[in-house]
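Colleague: Fold the following for me, if possible:
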Amino acid sequence: MNAPTPTRVHYHKQARELELGYASGDTYRLPVEFLRVYSPSAEVRGHGGDTAVLQVGKKEVGLQNITQAGNYALKLHFDDGHDSGLFSWNYLFDLATHQDAYWQNYLKRLEEAGASREPAGIQFKQL
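Modeller: Presented below is the predicted three-dimensional model:
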């Protein structure tokens, strides 16, 4: 799949959403929680087979920084310390265009695991 390259990337800090704009005029807003639980990192996706790790308690996660990796990806630096994995243009476009189905799948897996989107305990964030 050769997805289009975004012409605009904007982080809406208050809403905790990453907006991707394309030359076609299409725009997508992806919640940071969604991006965090679908991180392409081995820590989240595993190393093949059924080794993926269900991400829980990420409802309040935000971004500390966004950096571009060459001409093909973004590296997202989440405020929970997670910053491994590169979000390629193809992967971001796939997430954007299948967001509803992927999100419903995530919620179903959370429910099946008896887990929650809510953070456990008190969350401390550096200001």
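Colleague: List the buried residues of the helix or strand hosting Glu112.
Modeller: Secondary-structure assignment from DSSP states H and E places Glu112 in helix 99-113. Residues of helix 99-113 classed as buried: Gln99, Tyr102, Trp103, Tyr106, Leu110 (neighbour count, 16 or more other CB atoms under 10 Å). Heads up, the C-betas are built off the backbone N, CA and C, glycines and all.
Colleague: what's near enough to touch the third one?
Modeller: Listed by CB atoms under 8 Å, 6 or more residues apart in numbering, the contact partners of Trp103 are Phe34.
Colleague: Helix or strand with the lowest mean pLDDT in this structure?
Modeller: For the chain, counting by mean pLDDT, DSSP states H and E, helix 42-45 ranks last in confidence among helices and strands (a mean of 84).
Colleague: right, and the helix or strand after that one?
Modeller: strand 63-69.
Colleague: tell me the phi and psi of the residue nearest the centre of the chain?
Modeller: Centroid-nearest residue in the chain, with CA atoms, centre = their mean: Leu35, separated by 0.8 Å. Backbone torsions of Leu35, given as degrees, to the nearest 10, read phi -60, psi -40.
Colleague: Hmm, it is touching Gln99, no?
Modeller: No. Counting by CB atoms under 8 Å, Leu35 does not reach Gln99; the two are 10.2 Å apart.
Colleague: Now the least confident helix or strand of the chain: buried residues?
Modeller: Going by neighbour count (16+ other CB under 10 Å), the buried part of helix 42-45 is Val44.
Colleague: List the contacts of it.
Modeller: With contacts defined as CB under 8 Å, 6+ apart, helix 42-45 is touched by Val37, Tyr38, Ser39, Thr51, Ala52, Val53, Gln55, His82, Ser84, Gly85.
Colleague: how close does the fourth one sit to Lys108?
Modeller: Applying CB to CB, to the nearest Å, the value for Thr51 to Lys108 is 19 Å.
Colleague: what do you get for the fifth one?
Modeller: Going from Ala52 to Lys108 by CB to CB gives 14 Å.
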